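Undergrad: task: produce atomic coordinates for the following.
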Amino acid sequence: MTGEETIDELRRYGLRLIQPRHGYRFSLDPLLLCDFAAVREGEEGIDLGTGCGVMPLILSRTVPATRLVGVDSQEAMAALAERNVALNGLDDRVRILHADVLEVRSCFAPSSFDLVVSNPPYRKRGTGRVSPKPGRDNARHELTASLADFLAASKYLVKPGGRICFIYHPSRLTELLMEAAGLKLCPLRLRMVHGNAAAEARMVLLEMAKGRKGELRVMPPFFVYGTDGAYTAEMAGILGTGE
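TA: Predicted coordinates for the structure are as follows:
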């Protein structure tokens, strides 16, 4: 490790994660998505756009018998994710692949996974501020694969009856639901994430399924902070800081 990197702990999961000091660093979003996805015993899952590998590592700790793959288009981030897998002694259960979402069909057979999770870039090419920090634009902007590409790849990878869980920006929820409908992916659960009870939603969690039918269940909103400015009990529980 160099002075350009930090090691951060996720104590609830017994994980240590190397991250770039000034580049793209994971936020609360992957923690929220892992909690929402609720990986099940024996499932095999894949994370599209894995970054430093935080989601496969969390999911592997949540259910010991599961096997995970993390895919990232950035060579440097894929290499960092591999180092994090080794740092946490999970080489036998978590595999990292340097590949673009557009290339997954050449890497895996169809219907290879029980669960697909993803936090896709939510800004379209040419929109929003350009970050001066390396790697952030790749994580936030659709530089190669679009939302439609992430959904199509997810449908290809997941088994019939399997689950696809995304965390995405609410400003593009209509597009997300329309693209999912076009691919015959059935939305099963939706939950809006708010900074606090007075704030507009900042993210949306959505579970979809391939080859299943069902009614959409809109869950109670998730609040990160309470009226006192501290983490809510639910958020503290996810972070492992609750009493």
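Undergrad: C-terminal to the helix or strand bottoming out on mean pLDDT in the chain, what's the next element?
TA: Lowest on mean pLDDT, DSSP states H and E among the helices and strands of the chain sits helix 136-140, with a mean of 50. For helix 136-140, the succeeding helix or strand toward the C-terminus, using DSSP states H and E, is helix 147-157.
Undergrad: okay, and the beta partners of the closest residue to residue 189 other than its chain neighbours?
TA: Among residues not flanking residue 189 along the chain, residue 207 sits closest, at 4.1 Å (Cβ to Cβ, 6 or more residues apart in numbering). All C-beta atoms are positioned from the backbone trio N, CA, C, and that covers glycine. Assessed by DSSP bridges, residue 207 has beta-bridge partners residue 165, residue 189.
Undergrad: quick one: residue 207 and residue 168 touch, right?
TA: No - in this structure, residue 207 is not within contact of residue 168 by Cβ atoms under 8 Å, at 12.0 Å.
Undergrad: what about the longest helix along the chain, average pLDDT?
TA: Among the segments of the chain that qualify as a helix by DSSP state H, the longest is helix 75-87. On average, the pLDDT along helix 75-87 is 96.
Undergrad: where along this protein do the helices fall?
TA: Under DSSP H, the chain gives helices at 29-37, 54-62, 75-87, 136-140, 147-157, 173-182, 233-239.
Undergrad: and of those helices, who's closest to residue 22?
TA: helix 136-140 (9.7 Å; Cβ to Cβ).
Undergrad: where does the chain have low pLDDT?
TA: 1-3, 125-143, 242-243 (pLDDT under 70).
Undergrad: report the beta-bridge partners for the nearest residue to residue 241 once chain neighbours are set aside.
TA: Nearest non-adjacent residue to residue 241, counting by Cβ to Cβ, 6+ apart: residue 231, 6.9 Å away. Note on residue 231: beta-bridge partners by DSSP bridges are residue 225.
Undergrad: and residue 231, what does it touch?
TA: By Cβ atoms under 8 Å, 6 or more residues apart in numbering, the contact set of residue 231 is 224-225, 239, 241.
Undergrad: among these, name the buried ones.
TA: Burial by neighbour count, 16 or more other Cβ atoms under 10 Å: within the contacts of residue 231 this picks out residue 224.
Undergrad: can you redo the contacts of residue 231 as CSV with distance to residue 213?
TA: Output for the contacts of residue 231, formatted as CSV (distance: Cβ to Cβ, whole Å):
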residue, distance to residue 213
224, 33
225, 37
239, 36
241, 39
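Undergrad: just give me the neighbour total for the closest residue to residue 193 other than its chain neighbours.
TA: The shortest distance from residue 193 to any non-neighbouring residue, by Cβ to Cβ, 6+ apart, is to residue 203 (4.2 Å). Neighbour count for residue 203, taken as other Cβ atoms under 10 Å: 23.
Undergrad: lovely, talk soon.
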